[in-house]
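1. Below are the sequence and a predicted model for it; my questions follow.
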Amino acid sequence: MHTTLTGKALLALAVAAVPAAAWAKEPAANANEAATARHYASLIDGSQPKLSELTMFFTQMPKGGDLHHHYSGSVYAETYTEFVDKQGFCINTQTYRIETDKAVVALERAKPAAQRVCKSGAEVRADEDTWREVAKRWSNKDFHNHVNLQPTPDQRFFQSFGYFGPVANDNLREGLQEIKARAIAENVGYIETMFLLSPFVANPDFDSQAWTGAGDDKALDKVLRTKLAALDKDAAFNKSIDDFVKQIHDASEGIDDERFTMRYQNYTLRLLNPSQVFSAMVSSFKAAAKGGRIVGLNIVGQESTHVSMRDYTLHMKMFRFLKSVYPDVKVAMHAGELALGDVPPEGLKFHIDQALAVAGADRIGHGLDLAHEANAPAIMKTMREKDIPVEINLTSNAFINGVSGVNHPINLYRKYGVPFVISTDDTGVTRHTLSHEYVQFASQFKPSYAEVKKASYNGIRYAFLPVAEKQRLTRQLDQRYTQFEARIAALDAAAVRSK
(Lines give C-alpha, C1' and ligand atoms only; values in the text may rest on other atoms or scores of the structure.)
Protein backbone atom coordinates (compact mmCIF):
# COMPACT_ATOMS: atom_id res chain seq x y z
CA MET A 1 0.00 0.00 0.00
CA HIS A 2 1.32 3.44 -0.93
CA THR A 3 0.80 6.32 1.45
CA THR A 4 0.57 9.86 0.14
CA LEU A 5 2.40 12.29 2.43
CA THR A 6 1.44 15.93 2.83
CA GLY A 7 3.98 18.69 2.37
CA LYS A 8 4.17 19.13 6.14
CA ALA A 9 4.80 15.42 6.66
CA LEU A 10 7.59 15.42 4.06
CA LEU A 11 9.15 18.43 5.75
CA ALA A 12 8.97 16.63 9.12
CA LEU A 13 10.76 13.60 7.68
CA ALA A 14 13.40 15.83 6.13
CA VAL A 15 13.97 17.61 9.43
CA ALA A 16 14.29 14.30 11.26
CA ALA A 17 16.88 13.09 8.78
CA VAL A 18 19.21 16.06 9.39
CA PRO A 19 21.67 15.76 12.28
CA ALA A 20 21.02 18.13 15.17
CA ALA A 21 24.50 19.61 14.82
CA ALA A 22 23.73 20.73 11.28
CA TRP A 23 20.58 22.53 12.39
CA ALA A 24 22.51 24.20 15.17
CA LYS A 25 24.99 25.63 12.68
CA GLU A 26 22.60 26.69 9.91
CA PRO A 27 20.99 29.72 11.62
CA ALA A 28 24.41 31.14 12.45
CA ALA A 29 25.61 30.60 8.91
CA ASN A 30 22.51 32.28 7.50
CA ALA A 31 22.90 35.15 9.94
CA ASN A 32 26.55 35.59 8.92
CA GLU A 33 25.64 35.60 5.25
CA ALA A 34 22.94 38.20 5.89
CA ALA A 35 25.37 40.33 7.90
CA THR A 36 27.94 40.05 5.10
CA ALA A 37 25.34 41.12 2.56
CA ARG A 38 24.43 44.16 4.68
CA HIS A 39 28.07 45.07 5.15
CA TYR A 40 28.74 44.78 1.42
CA ALA A 41 25.64 46.84 0.58
CA SER A 42 26.93 49.64 2.80
CA LEU A 43 30.17 49.70 0.79
CA ILE A 44 28.49 50.26 -2.57
CA ASP A 45 25.74 52.55 -1.32
CA GLY A 46 25.60 56.09 -2.62
CA SER A 47 27.24 57.81 -5.56
CA GLN A 48 30.77 57.17 -4.27
CA PRO A 49 31.44 53.49 -3.44
CA LYS A 50 33.98 52.97 -0.65
CA LEU A 51 36.82 51.68 -2.81
CA SER A 52 39.38 51.04 -0.08
CA GLU A 53 36.88 49.06 1.97
CA LEU A 54 35.73 47.19 -1.13
CA THR A 55 39.35 46.32 -1.86
CA MET A 56 39.77 44.88 1.62
CA PHE A 57 36.45 43.02 1.32
CA PHE A 58 37.21 41.42 -2.04
CA THR A 59 40.81 40.59 -1.20
CA GLN A 60 39.46 38.50 1.68
CA MET A 61 36.45 37.11 -0.20
CA PRO A 62 36.88 33.59 -1.63
CA LYS A 63 36.89 33.55 -5.41
CA GLY A 64 36.07 30.24 -7.03
CA GLY A 65 38.15 30.55 -10.17
CA ASP A 66 39.74 32.71 -12.85
CA LEU A 67 38.72 31.21 -16.20
CA HIS A 68 40.11 33.79 -18.62
CA HIS A 69 43.78 33.93 -17.72
CA HIS A 70 46.90 34.12 -19.90
CA TYR A 71 50.03 32.64 -18.35
CA SER A 72 52.65 34.79 -20.10
CA GLY A 73 50.65 37.98 -19.56
CA SER A 74 50.17 37.23 -15.87
CA VAL A 75 53.83 36.97 -14.86
CA TYR A 76 55.07 40.39 -13.78
CA ALA A 77 57.84 42.29 -15.58
CA GLU A 78 59.93 42.21 -12.40
CA THR A 79 59.98 38.42 -12.58
CA TYR A 80 60.81 38.38 -16.26
CA THR A 81 63.93 40.48 -15.58
CA GLU A 82 64.99 37.77 -13.11
CA PHE A 83 64.45 35.16 -15.83
CA VAL A 84 66.72 37.24 -18.10
CA ASP A 85 69.59 36.71 -15.66
CA LYS A 86 68.78 33.06 -15.07
CA GLN A 87 69.07 32.39 -18.79
CA GLY A 88 72.25 34.42 -19.18
CA PHE A 89 70.72 37.11 -21.39
CA CYS A 90 70.75 40.90 -21.03
CA ILE A 91 68.43 43.84 -21.68
CA ASN A 92 69.35 46.42 -24.29
CA THR A 93 68.89 49.79 -22.58
CA GLN A 94 68.35 51.56 -25.92
CA THR A 95 65.61 49.28 -27.29
CA TYR A 96 64.56 47.71 -23.94
CA ARG A 97 64.45 44.34 -25.65
CA ILE A 98 66.09 41.14 -24.46
CA GLU A 99 69.37 40.19 -26.13
CA THR A 100 69.54 36.40 -26.44
CA ASP A 101 72.72 36.05 -28.53
CA LYS A 102 75.27 34.72 -26.05
CA ALA A 103 78.17 36.10 -28.10
CA VAL A 104 76.72 39.63 -27.97
CA VAL A 105 76.05 39.21 -24.24
CA ALA A 106 79.67 38.13 -23.67
CA LEU A 107 81.02 41.14 -25.60
CA GLU A 108 78.82 43.50 -23.58
CA ARG A 109 79.91 41.99 -20.28
CA ALA A 110 83.56 42.45 -21.24
CA LYS A 111 83.08 46.22 -21.45
CA PRO A 112 83.38 48.56 -18.48
CA ALA A 113 80.02 48.99 -16.75
CA ALA A 114 79.71 52.62 -17.85
CA GLN A 115 80.06 51.63 -21.53
CA ARG A 116 77.65 48.69 -21.56
CA VAL A 117 74.43 49.09 -23.53
CA CYS A 118 73.14 45.66 -22.59
CA LYS A 119 72.62 45.17 -18.86
CA SER A 120 71.54 42.37 -16.59
CA GLY A 121 68.10 42.25 -15.07
CA ALA A 122 69.61 42.99 -11.68
CA GLU A 123 71.34 46.09 -13.03
CA VAL A 124 68.14 47.25 -14.67
CA ARG A 125 66.17 46.86 -11.44
CA ALA A 126 68.87 48.69 -9.49
CA ASP A 127 68.62 51.75 -11.76
CA GLU A 128 65.16 53.22 -11.19
CA ASP A 129 65.12 55.28 -14.37
CA THR A 130 66.08 52.33 -16.57
CA TRP A 131 63.68 50.03 -14.75
CA ARG A 132 60.77 52.41 -15.27
CA GLU A 133 61.53 52.57 -18.99
CA VAL A 134 61.56 48.76 -19.16
CA ALA A 135 58.34 48.48 -17.16
CA LYS A 136 56.60 51.01 -19.42
CA ARG A 137 57.23 48.74 -22.40
CA TRP A 138 56.81 45.34 -20.74
CA SER A 139 53.49 46.33 -19.11
CA ASN A 140 51.07 49.25 -18.84
CA LYS A 141 52.87 50.64 -15.78
CA ASP A 142 52.71 54.46 -15.71
CA PHE A 143 50.70 54.58 -18.94
CA HIS A 144 48.18 57.02 -17.47
CA ASN A 145 50.72 58.82 -15.27
CA HIS A 146 52.97 60.51 -17.79
CA VAL A 147 52.77 62.73 -20.87
CA ASN A 148 55.56 61.32 -23.04
CA LEU A 149 54.72 60.22 -26.56
CA GLN A 150 53.55 56.63 -26.43
CA PRO A 151 51.63 54.11 -28.51
CA THR A 152 47.89 53.69 -28.25
CA PRO A 153 46.64 51.47 -25.39
CA ASP A 154 45.98 48.42 -27.58
CA GLN A 155 49.43 48.74 -29.17
CA ARG A 156 51.04 49.07 -25.76
CA PHE A 157 49.22 45.98 -24.52
CA PHE A 158 49.89 43.66 -27.46
CA GLN A 159 53.43 44.93 -28.10
CA SER A 160 54.47 44.17 -24.52
CA PHE A 161 54.48 40.42 -25.28
CA GLY A 162 57.24 40.93 -27.82
CA TYR A 163 59.50 42.46 -25.18
CA PHE A 164 59.37 39.68 -22.57
CA GLY A 165 58.59 36.95 -25.10
CA PRO A 166 62.16 35.56 -25.28
CA VAL A 167 61.95 34.38 -21.66
CA ALA A 168 58.20 33.80 -21.31
CA ASN A 169 58.23 30.13 -22.29
CA ASP A 170 61.18 29.18 -20.11
CA ASN A 171 61.26 28.89 -16.33
CA LEU A 172 57.64 27.77 -16.53
CA ARG A 173 57.57 26.16 -13.12
CA GLU A 174 58.79 29.35 -11.47
CA GLY A 175 56.21 31.41 -13.32
CA LEU A 176 53.41 29.07 -12.30
CA GLN A 177 54.57 29.18 -8.69
CA GLU A 178 54.43 32.98 -8.73
CA ILE A 179 50.90 32.92 -10.11
CA LYS A 180 49.87 30.31 -7.54
CA ALA A 181 51.29 32.25 -4.60
CA ARG A 182 49.53 35.41 -5.71
CA ALA A 183 46.26 33.52 -6.17
CA ILE A 184 46.42 32.01 -2.69
CA ALA A 185 47.18 35.43 -1.20
CA GLU A 186 43.95 36.83 -2.64
CA ASN A 187 41.86 33.70 -1.95
CA VAL A 188 41.50 32.34 -5.49
CA GLY A 189 41.03 28.58 -5.48
CA TYR A 190 41.31 27.71 -9.17
CA ILE A 191 42.92 29.11 -12.32
CA GLU A 192 42.46 27.84 -15.86
CA THR A 193 45.31 29.41 -17.75
CA MET A 194 46.03 29.71 -21.46
CA PHE A 195 49.49 28.30 -21.12
CA LEU A 196 51.43 27.60 -24.31
CA LEU A 197 51.13 27.91 -28.10
CA SER A 198 50.52 24.45 -29.54
CA PRO A 199 52.95 22.95 -32.08
CA PHE A 200 52.28 23.85 -35.71
CA VAL A 201 53.72 23.38 -39.19
CA ALA A 202 53.63 25.63 -42.26
CA ASN A 203 52.36 24.52 -45.65
CA PRO A 204 51.99 27.18 -48.39
CA ASP A 205 49.90 24.85 -50.59
CA PHE A 206 47.39 24.36 -47.79
CA ASP A 207 47.29 28.14 -47.22
CA SER A 208 46.21 28.69 -50.84
CA GLN A 209 43.65 25.88 -50.73
CA ALA A 210 42.13 27.13 -47.47
CA TRP A 211 41.78 30.69 -48.68
CA THR A 212 40.33 29.53 -52.01
CA GLY A 213 37.85 27.16 -50.38
CA ALA A 214 36.87 29.39 -47.46
CA GLY A 215 33.54 30.32 -49.05
CA ASP A 216 32.56 26.75 -49.99
CA ASP A 217 31.95 24.62 -46.91
CA LYS A 218 32.11 21.29 -48.74
CA ALA A 219 35.33 22.19 -50.53
CA LEU A 220 36.87 23.49 -47.32
CA ASP A 221 35.89 20.40 -45.33
CA LYS A 222 37.57 18.23 -47.98
CA VAL A 223 40.76 20.30 -47.72
CA LEU A 224 40.68 20.13 -43.90
CA ARG A 225 39.99 16.39 -43.88
CA THR A 226 42.88 15.72 -46.22
CA LYS A 227 45.20 17.87 -44.13
CA LEU A 228 44.11 16.21 -40.88
CA ALA A 229 44.76 12.77 -42.38
CA ALA A 230 48.25 13.88 -43.38
CA LEU A 231 48.95 15.28 -39.91
CA ASP A 232 47.67 12.08 -38.30
CA LYS A 233 50.35 10.17 -40.23
CA ASP A 234 53.12 12.71 -39.59
CA ALA A 235 55.36 11.03 -37.01
CA ALA A 236 57.39 14.17 -36.31
CA PHE A 237 54.26 16.26 -35.79
CA ASN A 238 52.73 13.72 -33.42
CA LYS A 239 55.97 13.45 -31.46
CA SER A 240 55.95 17.23 -31.08
CA ILE A 241 52.48 16.91 -29.51
CA ASP A 242 53.66 14.23 -27.09
CA ASP A 243 56.67 16.39 -26.16
CA PHE A 244 54.38 19.38 -25.74
CA VAL A 245 52.05 17.51 -23.38
CA LYS A 246 55.03 16.26 -21.38
CA GLN A 247 56.37 19.83 -21.13
CA ILE A 248 53.08 21.02 -19.65
CA HIS A 249 52.83 18.14 -17.20
CA ASP A 250 56.47 18.55 -16.11
CA ALA A 251 56.09 22.30 -15.61
CA SER A 252 52.86 21.92 -13.63
CA GLU A 253 54.01 19.09 -11.39
CA GLY A 254 53.47 20.03 -7.75
CA ILE A 255 51.37 23.13 -8.45
CA ASP A 256 48.13 21.62 -7.14
CA ASP A 257 47.63 21.23 -3.41
CA GLU A 258 44.81 21.38 -0.86
CA ARG A 259 44.53 25.17 -1.25
CA PHE A 260 44.85 25.64 -4.99
CA THR A 261 44.24 23.90 -8.34
CA MET A 262 45.41 24.91 -11.80
CA ARG A 263 44.50 23.52 -15.22
CA TYR A 264 45.72 24.41 -18.68
CA GLN A 265 44.43 25.42 -22.11
CA ASN A 266 46.51 25.12 -25.26
CA TYR A 267 46.05 27.78 -27.89
CA THR A 268 46.57 28.72 -31.50
CA LEU A 269 47.45 32.22 -32.72
CA ARG A 270 44.99 33.80 -35.16
CA LEU A 271 47.71 36.04 -36.67
CA LEU A 272 49.41 33.15 -38.50
CA ASN A 273 48.75 31.65 -41.93
CA PRO A 274 45.96 29.06 -42.26
CA SER A 275 48.25 26.03 -42.30
CA GLN A 276 49.89 27.17 -39.08
CA VAL A 277 46.59 28.03 -37.40
CA PHE A 278 44.96 24.75 -38.42
CA SER A 279 47.89 22.53 -37.46
CA ALA A 280 48.08 24.30 -34.08
CA MET A 281 44.36 23.66 -33.66
CA VAL A 282 44.92 19.99 -34.49
CA SER A 283 47.72 19.66 -31.96
CA SER A 284 45.59 21.53 -29.40
CA PHE A 285 42.64 19.17 -29.89
CA LYS A 286 44.88 16.10 -29.82
CA ALA A 287 46.67 17.26 -26.66
CA ALA A 288 43.40 18.11 -24.88
CA ALA A 289 41.89 14.77 -25.92
CA LYS A 290 44.64 12.99 -24.00
CA GLY A 291 43.10 14.30 -20.76
CA GLY A 292 45.16 15.00 -17.68
CA ARG A 293 45.81 18.62 -16.79
CA ILE A 294 45.07 19.96 -20.27
CA VAL A 295 41.34 20.68 -20.21
CA GLY A 296 40.63 22.69 -23.35
CA LEU A 297 41.88 25.09 -25.97
CA ASN A 298 41.53 28.63 -27.25
CA ILE A 299 42.51 31.00 -30.04
CA VAL A 300 44.39 34.19 -29.14
CA GLY A 301 45.78 37.31 -30.79
CA GLN A 302 44.48 40.82 -31.39
CA GLU A 303 41.12 40.44 -33.09
CA SER A 304 41.19 43.75 -34.96
CA THR A 305 44.30 43.12 -37.09
CA HIS A 306 43.97 42.64 -40.83
CA VAL A 307 44.81 38.92 -40.72
CA SER A 308 42.47 38.25 -37.79
CA MET A 309 39.56 39.97 -39.53
CA ARG A 310 40.27 38.45 -42.94
CA ASP A 311 40.48 34.88 -41.63
CA TYR A 312 37.95 35.01 -38.79
CA THR A 313 35.22 32.99 -40.51
CA LEU A 314 37.80 30.55 -41.87
CA HIS A 315 39.08 29.95 -38.34
CA MET A 316 35.56 29.36 -37.03
CA LYS A 317 34.98 26.76 -39.76
CA MET A 318 38.25 25.06 -38.80
CA PHE A 319 36.99 24.83 -35.22
CA ARG A 320 33.66 23.45 -36.45
CA PHE A 321 35.43 20.73 -38.39
CA LEU A 322 37.69 19.69 -35.52
CA LYS A 323 34.83 19.80 -33.00
CA SER A 324 33.10 17.20 -35.20
CA VAL A 325 36.20 15.01 -34.90
CA TYR A 326 36.78 15.69 -31.17
CA PRO A 327 33.27 16.45 -29.81
CA ASP A 328 34.26 16.04 -26.16
CA VAL A 329 37.09 18.58 -26.21
CA LYS A 330 36.16 21.91 -24.65
CA VAL A 331 36.76 25.18 -26.48
CA ALA A 332 36.84 28.69 -25.02
CA MET A 333 36.91 31.39 -27.65
CA HIS A 334 38.19 34.96 -27.74
CA ALA A 335 35.29 36.47 -29.66
CA GLY A 336 34.08 40.02 -30.10
CA GLU A 337 37.02 41.68 -28.34
CA LEU A 338 36.27 44.73 -30.46
CA ALA A 339 34.87 48.20 -29.91
CA LEU A 340 33.36 50.79 -32.23
CA GLY A 341 36.17 52.31 -34.26
CA ASP A 342 38.56 49.35 -33.94
CA VAL A 343 37.32 48.06 -37.30
CA PRO A 344 34.66 49.20 -39.80
CA PRO A 345 31.11 48.79 -38.41
CA GLU A 346 30.41 45.65 -40.45
CA GLY A 347 33.35 43.97 -38.71
CA LEU A 348 31.45 44.16 -35.42
CA LYS A 349 28.41 42.25 -36.67
CA PHE A 350 29.28 38.56 -36.46
CA HIS A 351 32.18 37.47 -34.26
CA ILE A 352 30.33 36.23 -31.19
CA ASP A 353 27.59 34.77 -33.36
CA GLN A 354 30.03 32.71 -35.44
CA ALA A 355 31.97 31.60 -32.37
CA LEU A 356 28.75 30.08 -31.06
CA ALA A 357 26.87 28.98 -34.17
CA VAL A 358 29.82 27.90 -36.33
CA ALA A 359 32.69 27.03 -34.00
CA GLY A 360 30.57 25.65 -31.16
CA ALA A 361 32.34 27.57 -28.40
CA ASP A 362 31.71 26.35 -24.83
CA ARG A 363 32.65 29.75 -23.35
CA ILE A 364 32.99 33.21 -24.89
CA GLY A 365 35.98 35.34 -23.94
CA HIS A 366 35.31 39.10 -23.70
CA GLY A 367 32.18 39.25 -25.92
CA LEU A 368 32.68 42.99 -26.01
CA ASP A 369 31.00 43.84 -29.30
CA LEU A 370 27.65 42.25 -28.34
CA ALA A 371 25.54 45.41 -28.77
CA HIS A 372 26.80 45.78 -32.36
CA GLU A 373 26.24 42.15 -33.40
CA ALA A 374 23.47 41.74 -36.00
CA ASN A 375 22.11 38.73 -34.10
CA ALA A 376 22.49 40.08 -30.55
CA PRO A 377 19.10 38.99 -29.11
CA ALA A 378 19.51 35.46 -30.49
CA ILE A 379 23.09 35.32 -29.20
CA MET A 380 21.93 36.07 -25.67
CA LYS A 381 19.06 33.60 -25.97
CA THR A 382 21.45 30.87 -27.10
CA MET A 383 23.93 31.58 -24.30
CA ARG A 384 21.17 31.67 -21.70
CA GLU A 385 19.43 28.50 -22.86
CA LYS A 386 22.59 26.49 -23.52
CA ASP A 387 24.23 27.81 -20.35
CA ILE A 388 27.27 29.21 -22.19
CA PRO A 389 29.01 31.87 -20.09
CA VAL A 390 30.87 34.98 -21.13
CA GLU A 391 34.22 35.72 -19.49
CA ILE A 392 34.18 39.36 -18.32
CA ASN A 393 37.53 41.21 -18.16
CA LEU A 394 36.75 44.74 -17.01
CA THR A 395 40.26 46.15 -16.56
CA SER A 396 41.46 44.73 -19.86
CA ASN A 397 38.40 45.99 -21.75
CA ALA A 398 38.80 49.47 -20.30
CA PHE A 399 42.51 49.67 -21.12
CA ILE A 400 42.66 48.00 -24.53
CA ASN A 401 39.31 48.96 -26.02
CA GLY A 402 38.21 51.93 -23.88
CA VAL A 403 34.95 50.20 -22.91
CA SER A 404 33.80 50.47 -19.28
CA GLY A 405 30.93 51.45 -17.01
CA VAL A 406 27.60 52.17 -18.71
CA ASN A 407 29.13 51.28 -22.10
CA HIS A 408 30.15 47.76 -21.09
CA PRO A 409 27.99 44.89 -22.44
CA ILE A 410 27.96 43.22 -19.02
CA ASN A 411 24.84 45.34 -18.58
CA LEU A 412 23.19 43.43 -21.43
CA TYR A 413 24.45 40.03 -20.32
CA ARG A 414 23.11 40.59 -16.80
CA LYS A 415 19.78 42.02 -17.96
CA TYR A 416 19.01 39.08 -20.24
CA GLY A 417 20.19 36.30 -17.95
CA VAL A 418 23.39 35.29 -19.73
CA PRO A 419 25.74 33.50 -17.30
CA PHE A 420 29.07 35.21 -16.73
CA VAL A 421 32.32 34.85 -14.85
CA ILE A 422 34.61 37.61 -13.61
CA SER A 423 38.18 37.09 -14.82
CA THR A 424 41.49 38.89 -15.24
CA ASP A 425 43.00 38.35 -18.72
CA ASP A 426 46.65 39.46 -18.23
CA THR A 427 47.36 40.62 -14.69
CA GLY A 428 51.10 41.07 -15.27
CA VAL A 429 50.67 43.36 -18.26
CA THR A 430 47.80 45.40 -16.84
CA ARG A 431 49.13 45.04 -13.28
CA HIS A 432 46.02 44.16 -11.31
CA THR A 433 44.37 41.21 -9.53
CA LEU A 434 41.14 39.23 -9.60
CA SER A 435 40.15 41.03 -6.40
CA HIS A 436 40.50 44.30 -8.29
CA GLU A 437 38.16 42.97 -10.99
CA TYR A 438 35.50 42.32 -8.34
CA VAL A 439 36.04 45.82 -6.97
CA GLN A 440 35.43 47.19 -10.47
CA PHE A 441 32.35 45.00 -10.89
CA ALA A 442 30.91 46.09 -7.54
CA SER A 443 31.73 49.79 -7.77
CA GLN A 444 30.64 50.29 -11.41
CA PHE A 445 27.56 48.05 -11.56
CA LYS A 446 26.48 47.68 -7.91
CA PRO A 447 25.39 44.03 -8.00
CA SER A 448 23.88 42.45 -4.91
CA TYR A 449 26.02 40.29 -2.66
CA ALA A 450 24.06 37.27 -3.93
CA GLU A 451 25.07 38.10 -7.52
CA VAL A 452 28.69 38.62 -6.51
CA LYS A 453 28.73 35.30 -4.70
CA LYS A 454 27.13 33.55 -7.68
CA ALA A 455 29.82 35.00 -9.96
CA SER A 456 32.45 33.56 -7.64
CA TYR A 457 30.85 30.11 -7.73
CA ASN A 458 30.55 30.38 -11.51
CA GLY A 459 34.34 30.24 -11.62
CA ILE A 460 33.97 26.58 -10.64
CA ARG A 461 30.65 25.83 -12.32
CA TYR A 462 31.93 26.73 -15.80
CA ALA A 463 35.45 25.37 -15.46
CA PHE A 464 36.48 22.72 -17.97
CA LEU A 465 36.77 20.13 -15.20
CA PRO A 466 35.26 16.69 -14.54
CA VAL A 467 32.16 16.70 -12.34
CA ALA A 468 33.98 15.15 -9.39
CA GLU A 469 36.62 17.90 -9.46
CA LYS A 470 33.95 20.60 -9.60
CA GLN A 471 32.20 19.04 -6.63
CA ARG A 472 35.45 18.93 -4.65
CA LEU A 473 36.26 22.57 -5.38
CA THR A 474 32.67 23.62 -4.64
CA ARG A 475 32.83 21.97 -1.21
CA GLN A 476 36.08 23.80 -0.54
CA LEU A 477 34.49 27.06 -1.62
CA ASP A 478 31.50 26.42 0.67
CA GLN A 479 33.86 26.04 3.63
CA ARG A 480 35.82 29.15 2.74
CA TYR A 481 32.65 31.22 2.45
CA THR A 482 31.46 30.00 5.84
CA GLN A 483 34.72 31.23 7.37
CA PHE A 484 34.75 34.47 5.37
CA GLU A 485 31.17 35.42 6.26
CA ALA A 486 31.80 34.70 9.93
CA ARG A 487 34.78 37.08 9.86
CA ILE A 488 32.86 39.81 8.03
CA ALA A 489 29.91 39.47 10.43
CA ALA A 490 32.29 39.88 13.38
CA LEU A 491 33.98 42.83 11.70
CA ASP A 492 30.63 44.47 11.03
CA ALA A 493 29.53 43.91 14.62
CA ALA A 494 32.76 45.46 15.91
CA ALA A 495 32.23 48.49 13.67
CA VAL A 496 28.70 48.92 15.06
CA ARG A 497 29.96 48.70 18.67
CA SER A 498 32.63 51.33 18.02
CA LYS A 499 30.07 53.93 16.92
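-> Structure's in. What do you need?
2. make it CA atoms for all contacts and neighbour counts henceforth
-> Noted.
3. Roughly how far does Y326 sit from V358?
-> Applying C-alpha to C-alpha, to the nearest Å, the value for Y326 to V358 is 15 Å.
4. quick check: longest helix of the chain.
-> For the chain, the helix with the greatest residue count under DSSP state H is helix 467-498.
5. What average pLDDT does that one get?
-> The pLDDT scores in helix 467-498 average 91.
6. Just after the strand or helix carrying R414, pick out the following helix or strand.
-> Using DSSP states H and E, R414 sits in helix 410-415. Once helix 410-415 ends, the next helix or strand along the chain (criterion: DSSP H and E) is strand 420-422.
7. how many neighbours does the closest residue in space to G347 that isn't next to it in sequence have?
-> Distances taken as C-alpha to C-alpha, 6 or more residues apart in numbering put M309 closest to G347, at 7.4 Å, once the chain neighbours are dropped. Neighbour count for M309, taken as other C-alpha atoms under 10 Å: 17.
8. is it true that M309 touches E303?
-> Yes - counting by C-alpha atoms under 8 Å, M309 touches E303, with 6.6 Å between them.
9. how much space between E337 and I255?
-> Separation of E337 from I255 (C-alpha to C-alpha) stands at 31 Å.
10. which one of these two has more residues nearby?
-> Neighbour count, other C-alpha under 10 Å: between E337 and I255, E337 has more, with 22 against 16.
11. what sits against that one?
-> The neighbourhood of E337, defined by C-alpha atoms under 8 Å, 6 or more residues apart in numbering, consists of E303, G365, H366, G367, L368, D369, N397, N401.
12. In this structure T130 contacts T93, no?
-> Yes - T130 lies in contact with T93 (C-alpha under 8 Å); the separation is 7.1 Å.
13. do you know how far I44 is from H436?
-> I44 sits 15 Å away from H436, going by C-alpha to C-alpha.
14. Then D217?
-> Taking C-alpha to C-alpha, one finds D217 at 44 Å from H436.
15. okay, those two: which has more neighbours?
-> Taking neighbours as other C-alpha under 10 Å, D217 and H436 compare with H436 leading, 21 against 13.
16. helix or strand for that one, which one?
-> Per DSSP H and E: H436 is located in helix 434-445.
17. Check P166 too.
-> Counting by DSSP H and E, the element that carries P166 is helix 153-168.
18. next one: G291
-> Remark: G291 resides in no helix or strand, with elements defined by DSSP H and E.
19. Report pLDDT for it.
-> So G291 comes in at 88 (pLDDT).
20. and it, how many neighbours?
-> The number of residues packed near G291 is 12, by other C-alpha under 10 Å.
21. helix/strand/coil for D256?
-> Assigned by DSSP: H, G, I helix; E, B strand; the rest coil, the conformation of D256 is coil.
22. Also A181?
-> The three-state assignment at A181 reads helix, by three-state DSSP.
23. which non-adjacent residue is nearest L269?
-> Nearest non-adjacent residue to L269, counting by C-alpha to C-alpha, 6+ apart: V300, 5.1 Å away.
24. ditto for T474
-> I460 (6.8 Å).
25. any idea how far the most centrally placed residue in the chain lies from A202?
-> Centroid check for the chain by C-alpha atoms, centre = their mean gives H68 as the closest residue, at 1.6 Å. Distance, H68 to A202, by C-alpha to C-alpha: 28 Å.
26. these two touch, right, I44 and K446?
-> Yes - using C-alpha under 8 Å, I44 makes contact with K446 at a distance of 6.3 Å.
27. Neighbour count: the two, which is higher?
-> Under the criterion of other C-alpha under 10 Å, the comparison of I44 against K446 puts I44 first, with 22 against 18.
28. Please report how far that one lies from Q60.
-> 17 Å.
29. Quick check: which ranges of the stretch 51-200 of the chain have low pLDDT?
-> Residue ranges of the stretch 51-200 of the chain with pLDDT under 70: 145-149.
30. one more time with 90, if that's ok
-> In the predicted model, the stretch 51-200 of the chain carries pLDDT under 90 at residues 102, 108-109, 112-116, 136, 140-166, 168-170.
31. those helices in it, which residues are they?
-> With helices called from DSSP state H, counting those that start in this stretch, the stretch 51-200 of the chain shows them at 51-60, 71-74, 77-86, 102-110, 121-126, 128-138, 153-168, 172-185.
32. the strands in the stretch 201-350 of the chain, which residues?
-> 261-269, 294-300, 332-335 (DSSP state E, counting those that start in this stretch).
33. tell me the domain ranges of this protein?
-> Using automatic domain parsing, the domain parsing of the chain gives 70-168, 172-478.
34. Relative to A31, which of those domains is closest?
-> domain 172-478 (14.0 Å; C-alpha to C-alpha).
35. sorry, back to before: can you pull the buried residues of the helix holding R414?
-> Going by neighbour count (16 or more other C-alpha atoms under 10 Å), the buried part of helix 410-415 is I410, L412, Y413.
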